[in-house]
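Trainee: Fold the following for me, if possible:
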Amino acid sequence: MARRGVPALLSAATLVLGGLIAAAPAGAAPAPAAPHASPTASTSTAVHTHRLCSEPTKPGYMACNAVARTDVKQSLSLGRHLTPSGFGPSDLQSAYKLPKTGGSGQTVAIIDANDDPNAEKDLATYRKQYGLPDCTTANGCFKKVDQNGGTKYPAPDSGWAGEISLDVDMVSAACPSCHILLVEANSANMDDLGAAVNRAVTMGAKFVSNSYGGGEDSTDPTSDEKYFKHPGVAITVSSGDSGYGVEYPAASQYVTAVGGTSLKKDSSTRGWSESVWGTKAGGEGAGSGCSQYDAKPSWQKDTGCAKRAVADVASVADPATGLAVYDSYQATGWNVYGGT
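Mentor: This next block holds a predicted model:
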């Protein structure tokens with residue numbers, strides 16, 4: 001999954017975001033990113049889904065890219081012999097050939113807006129369920145800060161809290177020995193989220209996950225230089241959940257854009273198969289296409305896009321083949337989530 005010499009740990013970081021490469025056809029014109037819809041039924045499967053973050057109402061604001069199943073029984077606690085619905089750590093480790101104890105000494109930073117008051121508690125529930133080692137503030141594995149590096153956390157938000165739960169759980173699943181740094185931006189404005197990215201790098205993170213996006217605009221190249229140009233740091237960004245069309249900051253030339261697949265067990269040598277998340281009907285699926293404003297990076301050699309092509313790598317994101325996640329902040333505990 002990783003490329004351009006990025007360390008193998010990037011393959012674990014991409015799982016935080018979900019993802020599949022849904023490339024634009026050669027010569028296709030850039031398409032604007034579709035808006036983040038209110039709760040809706042999935043167009044690609046018979047499952048019913050709910051996007052946790054609604055469309056931004058102001059220019060320069062982002063929405064989280066998390067999609068929850070609404071047709072799966074949810075529960076704050078499980079019976080003694082029950083297991084959560086959705087893929088767990090052993091599934092992801094098998095599907096993507098990830099080491100069960102990978103990431104020792106490494107820190108993955110997660111950038112999200114607003115506060116999840118239950119982040120550490122919910123993380124503990126997830127890791128206990130799957131027999132993963134404790135990751136707490138007390139043992140130095142987990143750290144939550146505001147965008148200034150302190151503890152004046154922003155206002156809580158249930159939608160972003162769900163995204164945070166998805167992110168910290170997937171770092172745990174893909175990289176059980178990694179430390180987790182959660183940086184909560186004051187708002188979903190790109191300047192606040194960008195400041196949180198810079199804070200994570202300042203605090204030593206070499207892998208920075210961003211599971212959000214918004215429409216492109218002409219100021220994006222300036223934001224690239226201010227927030228995402230960090231040589232030696234692997235910065236991953238979700239490509240979007242609204243089907244064909246490009247979001248920012250996935251369009252940044254300095255990030256690895258992560259799209260989404262449908263992941264299924266099968267009888268192949270690998271034991272798994274993947275296909276693009278999305279349908280011809282559109283409306284839901286992995287974002288992709290040609291950026292309108294961001295220059296093509298030197299390492300992209302395709303002829304399909306005159307500027308930056310999205311996406312670069314991919315992993316599971318279809319909620320129909322989704323991931324077990326635990327979220328208790330204004331939510332009902334165990335559920336199945338997807339989204340890039």
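
Trainee: Tell me, how many residues neighbour D302?
Mentor: 11 (other Cβ atoms under 10 Å). Quick note: C-beta positions are derived from backbone N, CA and C, even for glycine.

Trainee: M190 too?
Mentor: Residues within reach of M190, counting by other Cβ under 10 Å, total 25.

Trainee: residue contacts, it?
Mentor: Residues in contact with M190 (Cβ atoms under 8 Å, 6 or more residues apart in numbering) are G60, Y61, M62, G214, S223, Y227, Y248, P249.

Trainee: mind listing what R199 touches?
Mentor: R199 sits in contact with V145, Q147, N148, G149, V183, where contact means Cβ under 8 Å, 6+ apart.

Trainee: Phi first, then psi, for the first one.
Mentor: To tie it back to what came earlier, the one meant is V145. In terms of degrees, to the nearest 10, the main-chain angles of V145 are phi -140, psi 160.

Trainee: hang on, it packs against M203?
Mentor: Yes - at 7.5 Å, V145 counts as touching M203 under the criterion of Cβ atoms under 8 Å.

Trainee: More neighbours: those two, which one.
Mentor: More neighbours surround V145 than the other of V145 and M203, with 19 against 14 (other Cβ under 10 Å).

Trainee: Which pLDDT value belongs to the more buried one?
Mentor: Here, the pLDDT recorded for V145 equals 98.

Trainee: With A33 instead?
Mentor: 36.

Trainee: before we move on, the earlier item: quick check: the farthest pair among the contacts of M190?
Mentor: Across these, no pair lies farther apart than Y61 and Y227, at 14.9 Å, counting by Cβ to Cβ.

Trainee: okay, these two: which has more neighbours?
Mentor: Comparing Y61 with Y227 by other Cβ under 10 Å, the one with more neighbours is Y227, at 24 against 18.

Trainee: Three-state assignment for the more buried one, please.
Mentor: The three-state assignment at Y227 reads helix, by DSSP: H, G, I helix; E, B strand; the rest coil.

Trainee: And the pLDDT at it?
Mentor: For Y227, the pLDDT comes out at 98.

Trainee: quick one: which of the contacts of M190 is most hemmed in?
Mentor: Tallying neighbours with other Cβ under 10 Å puts Y248 at the head of those, with 29 neighbours.

Trainee: And that residue, how far from A200?
Mentor: 18 Å (Cβ to Cβ, to the nearest Å).

Trainee: longest single strand anywhere in the chain?
Mentor: Taking DSSP state E as the criterion, the chain has its longest strand at strand 256-265.

Trainee: which other helices and strands contact the helix or strand hosting V183?
Mentor: Using DSSP states H and E, V183 maps to strand 179-185. Contacts defined by 3 or more Cβ pairs under 8 Å, 6 or more residues apart in numbering; DSSP states H and E place strand 179-185 against strand 107-113, strand 142-146, helix 158-174, helix 190-202.
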